[in-house]
Structure formats: C-alpha cells, structure tokens
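# any chance you could fold what I've pasted below:
(one chain, ligands or ions: 1)
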Amino acid sequence: MGRLLLMLVSLTFYAAAVAALLFLIGWVGAFDFMPLTVDKGREGSLVTAIMVNTGLIALFGVQHTVMARPGFKEGWTKVIPAPVERSFYLLATVLVLGALFHFWHPIDGTIWSIQNEAARTAIWTVFWLGWAILLLSTFLLNHFELFGLQQAWHNLTGKNASPPQMRTPLFYKLVRHPLYTGFFLGLWATPDMTYSHAFMAAGFTIYIVIGISYEERDLLDVFGEQYAEYRKRVGAFLPGIGKVS
Ligand SMILES: C[S@@+](CC[C@H](N)C(=O)[O-])C[C@H]1O[C@@H](n2cnc3c(N)ncnc32)[C@H](O)[C@@H]1O
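The predicted model follows:
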C-alpha cells in the first residue's frame, strides 16, 4: 500500500476514534441530547440485559487485551502493514464501542439520585475532570503514537521509529496509571446512579484491573529495572497506594 494511502487510513481511523471517544463520554454521562446512553437503549428482560451487557464489556476487554499484546502484533503485522497496526487497533475499538452503544440493554432502577444542586455540580465537575485527566494523560505519554498517527507519519516521511521510551511526566510522577484513574472518575462520578450505570462502571473497572497486569508485564519486559523501580516507588491509581515491591 502506498505511504500516502496508509497516512489517509491512519487519519480516518483517528477521526473515528475521537468521535467514538466523544460519543462514549456522552453515553456514560447519559445526557438528554444523546440518541443512546447507558440508560437509553434496547429493551429486554433482566437476564437478557445481564448476559448481553456482560458479553459486550467482555468483548471490549478481550479486544483491548489481545490486540495490545506483542505476540499478537507480531502475527498481525504479517497481515496488515506495520505503520497502521495501531490504527487498526483503534478501528477495532471503534467497532467494539459501536456494538456496546447499539446492543446495550439498560437495567431499570436507581441506586442514588442526588437532589442537592451544589452536590450535583460537584459530582459533574469530577466527571469532567476524569475525562480531562484521561485525555491529558494520552498527551503526557504520546497522544499521536497512542492514536496511531505518528507511526504512519514516520512511514510517510521516511523517519525511523524511535525505540519506546518510558515516560513519567506530571501525573505519572504521582500514579502509574493516571489515564485509568481519569477513566474511573468519568465512569463512577454521576449524581444519578442507575443499576445500568453501576453495571457498566463495575464491568469496565474489572476489565481494567485485569488488563493492567498484562500491561505491566509488557512494560517490565520493555523497560526492565527502570519500570520495576517505578512500581516500587509510585502507586497504581492513587498516590502511594498499590506500590509493588
Ligand atoms: C491506554 S495507555 C494507558 C497508560 C497507563 N496505563 C495509564 O493509565 O496512564 C496504554 C499504553 O501506555 C503505555 N505506557 C503505560 N505506562 C507508560 C509509561 N510510564 N511510559 C511509557 N509508556 C507507557 C503502555 O505500554 C501501553 O501501550
């Protein structure tokens, strides 16, 4: 495939991923203007909802866990060009999120609904702070590499890919996984917690806790002692908590 075509593929999938991320924020926030949300979707029995929703979250977890592993990437890049490997990972994420939005079965019932206006504003502030931390963390690591544009750009301009670098700027000095901390805040901070929302937030939380062991194993393989020492010094999601000696 021509280099320019690969760049176009990468830009297209990047745009799709950004759109899916924005939709996810609106879907989790269950805003009135959204056509589908965690609380607005297909109808079905409780058993159907539990089975379908569990399957959808598991699908997201499996896609993210399997496609991010070095062994998978090695085989996959024999099928698709290496400069767009990350872009295809994003495309798969968009498709899996699309399935989540389309097939999600809301579960009736509310766990809490805060009425106090000041408290509602405070909770929405945490919600937006969470998504802002998530987005900022992608830039602290390397947004354009995480979203596949850098690889296609280097291919287009004939620049050699630089070896992976361990980064610990800003939030990463306090916690090892600020992007996931932000995600947790965005998932759980809601003034109106429905059973549907809690099911979704718990599902993603479980996936991340499982997924992190794989991610850290790869980080130890790539960065060795540097990452091992980082794990001893810095907490996982909250400062000082979850150090691994
Ligand atoms: C979706 S990002 C999440 C990063 C991190 N777990 C977080 O929550 O902020 C996953 C990618 O970040 C990379 N990564 C995680 N921590 C890193 C670090 N300190 N330096 C460089 N890359 C890192 C992983 O190798 C993986 O490719």
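
# which parts of this structure sit against the ligand?
Residues of the chain lying near the ligand by CB under 6 Å from any ligand atom: 137, 141, 146, 166-168, 172, 177-180, 215, 218-219. (Each C-beta comes from the backbone N, C-alpha and C, glycine too.)

# mind checking which of those residues are in helices?
137, 141, 146, 172, 178, 179, 180, 215, 218, 219 (DSSP state H).

# make a PyMOL selection of the buried ones in those residues.
Here is the PyMOL command that selects the buried residues among these (16 or more other CB atoms under 10 Å):
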select buried, resi 137+141+146+172+178+179+180+215+219
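
# could the ones in helices among the residues of the chain next to the ligand be laid out in JSON lines, adding pLDDT?
Shown next, in JSON lines, are these (pLDDT from 0 to 100):
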{"residue": "137", "pLDDT": "98"}
{"residue": "141", "pLDDT": "96"}
{"residue": "146", "pLDDT": "96"}
{"residue": "172", "pLDDT": "98"}
{"residue": "178", "pLDDT": "98"}
{"residue": "179", "pLDDT": "98"}
{"residue": "180", "pLDDT": "97"}
{"residue": "215", "pLDDT": "94"}
{"residue": "218", "pLDDT": "94"}
{"residue": "219", "pLDDT": "96"}
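
# which one of the ones in helices among the residues of the chain next to the ligand is nearest to residue 65?
Of all those, the one with the least separation from residue 65 (CB to CB) is residue 215, at 8.8 Å.

# helix, strand, or coil at residue 34?
Secondary structure, DSSP: H, G, I helix; E, B strand; the rest coil: residue 34 is coil.

# please name the nearest non-neighbouring residue to it.
residue 26 (4.5 Å; CB to CB, 6 or more residues apart in numbering).

# surely that neighbour meets residue 38?
No. Look at residue 26 against residue 38 with CB atoms under 8 Å: they stay out of range, at 10.1 Å.

# the two: who's more crowded?
residue 38 (26 against 15; other CB atoms under 10 Å).

# rewinding a little: which among the ones in helices among the residues of the chain next to the ligand gets closest to residue 208?
Nearest to residue 208 among these, counting by CB to CB, is residue 180 at 5.2 Å.

# what sits against that closest one?
By CB atoms under 8 Å, 6 or more residues apart in numbering, the contact list for residue 180 reads 208, 212, 237.

# which residue ranges form the helices in the protein?
3-29, 46-67, 70-76, 85-103, 117-141, 143-146, 149-157, 171-174, 178-188, 195-223, 225-233.

# which of those sits most buried?
Among the helices of the chain, helix 178-188 has the highest mean neighbour count (mean count of other CB atoms under 10 Å), at a mean of 21.

# for residue 185, which non-adjacent residue is closest in space?
Among residues not flanking residue 185 along the chain, residue 130 sits closest, at 2.7 Å (CB to CB, 6+ apart).

# and the one you found, how far from residue 172?
17 Å (CB to CB, to the nearest Å).

# check residue 54 too.
For residue 54 relative to residue 172 (CB to CB), the value is 32 Å.

# residue 130 touches residue 179, doesn't it?
No. Counting by CB under 8 Å, residue 130 does not reach residue 179; the two are 10.3 Å apart.

# how near is the residue of the chain most remote from its centre to residue 122?
Largest separation from the mean C-alpha position in the chain: residue 116, at 31.1 Å (CA atoms, centre = their mean). For residue 116, the distance to residue 122 (CB to CB) stands at 9 Å.

# same check on residue 48?
The gap separating residue 48 from residue 122 is 36 Å, by CB to CB.

# cool, residue 28 as well?
Relative to residue 122, and taking CB to CB, residue 28 is found at 18 Å.

# cool, residue 103 as well?
From residue 103 over to residue 122 (counting by CB to CB), the distance is 33 Å.
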